[in-house]
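Novice: Structure of the sequence below:
(one chain, ligands or ions: 1)
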Amino acid sequence: MSISALLNARYGCADHPLAHLSVHELQVFENQTFEALLSHRSIRAFDARAVPEHTVEMMVAAAQSASTSSNFQTWSVVSVTDPERKARLNAVSGQQKQIDTCPLFLVWIADLARLRSLGEQRQVPHGSLDYLEAFLVANIDATLAAQNAAVAAEAAGLGVVYIGGIRNSADVVAKELGLPSSSFAAFGMCVGYPDAQKPASIKPRLPMSAVLHKEQYNPEAFDQATRDYNVIMNRFYTEQKMNTPGEWDLHTLSRLSGEKALRGREKLKTRVQDLGFELK
Ligand SMILES: Cc1cc2nc3c(=O)[nH]c(=O)nc-3n(C[C@H](O)[C@H](O)[C@H](O)COP(=O)(O)O)c2cc1C
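Specialist: Alright, predicted model coming up:
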């Protein structure tokens, strides 16, 4: 697909700020990196092929190439291929078919355990690790690493889908993976070769006006963007023959309705504290 066509797919219409670039202006963006980034779609159906170990290691090399706060490198990843372990993780992650069927399940860890043990071994103060800031840094590091790995996987012909469901029972997941104190499974990632019989489509995003602010945040841009996006997503759901979950805004709000919608994550703060993060 050309970059222009990918942009139209990403915004679900041909009326977006980049639609009017000249051939000359577009030229610099016509390369494999942009093509890969704009082509992303979550993959939830995989064929039977395993992911070669060297591919996993290339993904981790890409992950380790991401920027990391102060070079702290406060993340780890646990690679799970054992079907029984995946099933046990799935049992507490919302029973999502893709977790059972993916050949590789990566669990991305916000990991302060390494630095804490270093502080203890070296017998130097390391109290900053007890603050919310350190927990946030570790989660940011894990996220940047994971997204680099996702892009790497897609460049190798694989597909991925992130799994937030593993935070439903952070305590059970920590036990299953043998995580040390001061580490937290932030999210999972199903990885595998996409099932060619069940192709996934590029899902349109909000109009750029809702997310790109110039100099100062403009909350008013969101109203029109929401109205436009509801129309775009209705069309997308129809094209995909998806059971229309209602307008995008109402569907999204229904997933944010309160405690029940959190499916266990309403207890996250105390669970994270129990895992060794003080969150001062
Ligand atoms: C942190 C995170 C957690 C997610 N958790 C799940 C999940 O538990 N199950 C799932 O099917 N998709 C999950 N997703 C995938 C999103 O639903 C998906 O990225 C979004 O709908 C946009 O679709 P796209 O990735 O195909 O563009 C998650 C995505 C992220 C970034």
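
Novice: can you list the residues of the stretch 1-150 of the chain near the ligand?
Specialist: With C-beta under 6 Å from any ligand atom as the criterion, the stretch 1-150 of the chain meets the ligand at residues 40-42, 44, 96. Every C-beta, even on glycine, is put in place using the N, C-alpha and C of the backbone.

Novice: so residue 107 sits in a strand?
Specialist: Yes. Applying DSSP: H, G, I helix; E, B strand; the rest coil, one finds residue 107 inside a strand.

Novice: If you rank the residues of the stretch 1-150 of the chain next to the ligand by neighbours, which is first?
Specialist: Among these, residue 44 has the most neighbours (other C-beta atoms under 10 Å), with 20 neighbours.

Novice: Report the contact partners of it.
Specialist: For residue 44, the contact set (C-beta atoms under 8 Å, 6 or more residues apart in numbering) comprises 97-98, 161, 190, 200.

Novice: I'd assumed it was in a helix, is it?
Specialist: No. If the criterion is three-state DSSP, then residue 44 is coil and not within a helix.

Novice: Could you report the distance from it to residue 99?
Specialist: Per C-beta to C-beta, to the nearest Å, residue 44 is found 10 Å from residue 99.

Novice: same deal with residue 151?
Specialist: Residue 151 is 21 Å from residue 99, where distance means C-beta to C-beta.

Novice: Look at the two and report which has more neighbours.
Specialist: Remark: of residue 151 and residue 99, residue 99 carries more neighbours, 23 against 19, as counted by other C-beta under 10 Å.

Novice: May I ask which helix or strand encompasses the residue most central in space within the chain?
Specialist: With distances taken as C-alpha atoms, centre = their mean, residue 162 lies nearest the centre of the chain, 4.5 Å away. Using DSSP states H and E, residue 162 maps to strand 159-163.

Novice: hey, C-alpha coordinates of the helix or strand just after that strand in PDB?
Specialist: Where DSSP H and E defines the elements, the next helix or strand beyond strand 159-163 is helix 170-176. What follows is helix 170-176, C-alpha atoms only, in PDB (Å, rounded to 0.1, in the frame of the first residue of the first chain):
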ATOM      1  CA  ALA A 170      -1.500  -8.800  39.200                       C
ATOM      2  CA  ASP A 171      -0.800 -10.900  42.300                       C
ATOM      3  CA  VAL A 172      -1.600 -14.200  40.600                       C
ATOM      4  CA  VAL A 173       0.400 -13.300  37.500                       C
ATOM      5  CA  ALA A 174       3.400 -12.300  39.700                       C
ATOM      6  CA  LYS A 175       3.300 -15.800  41.400                       C
ATOM      7  CA  GLU A 176       2.900 -17.600  38.100                       C
END
